[in-house]
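[1] my questions concern the predicted model and sequence given below.
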Amino acid sequence: MKGSIPILIALIIGFTGFACKSNRTEISGLISGGEGAKLTLERLDVNRTSLVDSVELDKNGSFTLNLGLDEPELYILKSETGEILNLLVSPGDKISIKTGYDTFGSTYSISGSDESEGIRLLVEQLEQTRRALDSLQLVAASIGDPENPQMELVKNAYAQAIVKQKRFTIKYLVEHLGSLSSVYALYQKYDKESLVLNMEGDLQYFKAVADSLESSYPNSSLTKSLRSDIEQREATFKKNEHLNTLLELADQSSGMLDLSIPDRDNKEIALSSLKGKVTLVAFWASGNSGSIQALIQLQSTYLKYHEKGFEIYAISLDNNKINWMNAIDFNEFNWINVSELSFPDSKAALLYNISELPTTFLINREGDILAKNLSGRTLETWLDNLI
């Protein structure tokens, strides 16, 4: 009996060692052209990341990272230039990556993780869509004239590219509902702000993924974060619906919805303080060339009618004060300029249901909204009758 105890202990130790070894999670790779560069590994939650580890590429461009995981997690491998490579790592995975430092995150191969390969396919498709949209925007810019028949063809091609991307994403979700990679698919964006699945109706896909993951990974922090984010999105859509109702009521009664927004000196200026003047509320943005051109065209009208009681209350949908002020100064916009500097979370834009730039509202001396998107001679005809 005594002799069997050491054997039993040895078996336990051997089994434990085997289990630890089999659960060892490793991310390695070869990054050509990146010798000596530093990579960071960040854990990806629904709307935030946290630093996990970092590594310096050796003289051959190779690296190895070891993780201790209890459940699958989404990670971001980031280069010093800010390019990212997305991974879904499960306990025991031995993931191997091959890419170039100059193509990091956009063109790469991966082995050892079917889920990470799924993410690579999602990235590849979205990159193709982005390139197509960028090319179409360049074509539209070269045409210039919005009334040109060719512009309609460009718009249709742009819309089709968006539809194709959305169909690809939805197909992936349907086929991978039980995978954490589906969470990555839900949050893919065309740019920093624009989700592929950005409509209220798209919440059904968020909910389907959450329901499936709560069955497969009920204790996953990613699953819990997804459910929390869905609740926040539902609340936001309900809030927007409420604000749209308020705007409709205001339209029906021709009433103005009041605003109080800081100017460049951080002084709050209320729209209601302009009662007694005919006011044009103009929504624009420093990075939107179309709205800037529209404001430039308003300058002659402003000079002609300002002394007679006409004012412009220009609301910039910006989040960078320097860019906003530079645009004001460079273009000599000398009317009332205000901005919440909170884009894309602008309360003013929500309240006035702004879906495109520029958008303007003409308000009479009593504070009633009379018309929308007037310009040129049409606007001046209105002003002739109001002032």
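    Arrived safely. Numbering: from 1, shown residues only.
[2] going along the chain, name the helices of the stretch 201-350 of the chain.
    All helices of the stretch 201-350 of the chain, identified by DSSP state H, counting those that start in this stretch, fall at 203-216, 221-253, 289-305, 321-331, 347-351.
[3] so which of those is nearest Asp102?
    Proximity to Asp102 (CB to CB) singles out helix 321-331 among those, at 29.2 Å. For the C-beta atoms, the positions are set from N, CA and C on the backbone; glycine is no exception.
[4] got the contact list for Lys164?
    Contact analysis of Lys164 by CB atoms under 8 Å, 6 or more residues apart in numbering lists Thr129.
[5] which of the residues in stretch 227-240 are buried?
    227, 229-230 (16 or more other CB atoms under 10 Å).
[6] returning to that earlier point: what's the closest of the helices of the stretch 201-350 of the chain to Lys372?
    Closest among those, using CB to CB: helix 221-253, at 9.2 Å.
[7] can you list the domains in the protein?
    Using automatic domain parsing, the domain parsing of the chain gives 25-112, 118-243, 260-386.
[8] avg pLDDT for the last one?
    For domain 260-386, mean pLDDT is 93.
[9] so how far is Val123 from Phe206?
    20 Å (CB to CB, to the nearest Å).
[10] surely Leu295 and Asn331 touch.
    Yes. Between Leu295 and Asn331 there is a contact under CB atoms under 8 Å: 6.8 Å.
[11] comparing these two, which residue is more hemmed in?
    Leu295 (23 against 14; other CB atoms under 10 Å).
[12] which residues does that one contact?
    So Leu295 contacts 282, 284, 314, 331, 333, 358 (CB under 8 Å, 6+ apart).
[13] residues near Lys207, how many?
    Neighbours around Lys207, by other CB under 10 Å: 14.
[14] can I assume it is in contact with Ile230?
    Yes. Between Lys207 and Ile230 there is a contact under CB under 8 Å: 6.1 Å.
[15] list buried residues within the contacts of Leu295.
    Here, 16+ other CB under 10 Å leaves 282, 284, 314, 333, 358 buried among the contacts of Leu295.
[16] so, low pLDDT: which residues of the stretch 51-200 of the chain?
    Across the stretch 51-200 of the chain, nothing is flagged by pLDDT under 70.
[17] nearest residue to the middle of the protein?
    Centroid check for the chain by CA atoms, centre = their mean gives Glu193 as the closest residue, at 2.0 Å.
[18] in contact with the closest residue to that one other than its chain neighbours: list those residues for me.
    Once flanking residues are discounted, Glu193 sits nearest to Pro344: 5.3 Å by CB to CB, 6 or more residues apart in numbering. The neighbours of Pro344, taking CB under 8 Å, 6+ apart as the test, are 193, 317, 319.
[19] and the gap between the first one and Ser346?
    The span separating Glu193 from Ser346 equals 12 Å under the rule CB to CB.
[20] for the helix or strand hosting Val123, name the packing helices and strands.
    Using DSSP states H and E, Val123 sits within helix 114-143. For helix 114-143, the packing partners by 3 or more CB pairs under 8 Å, 6 or more residues apart in numbering; DSSP states H and E come out as strand 84-89, strand 108-111, helix 149-175, helix 181-186.
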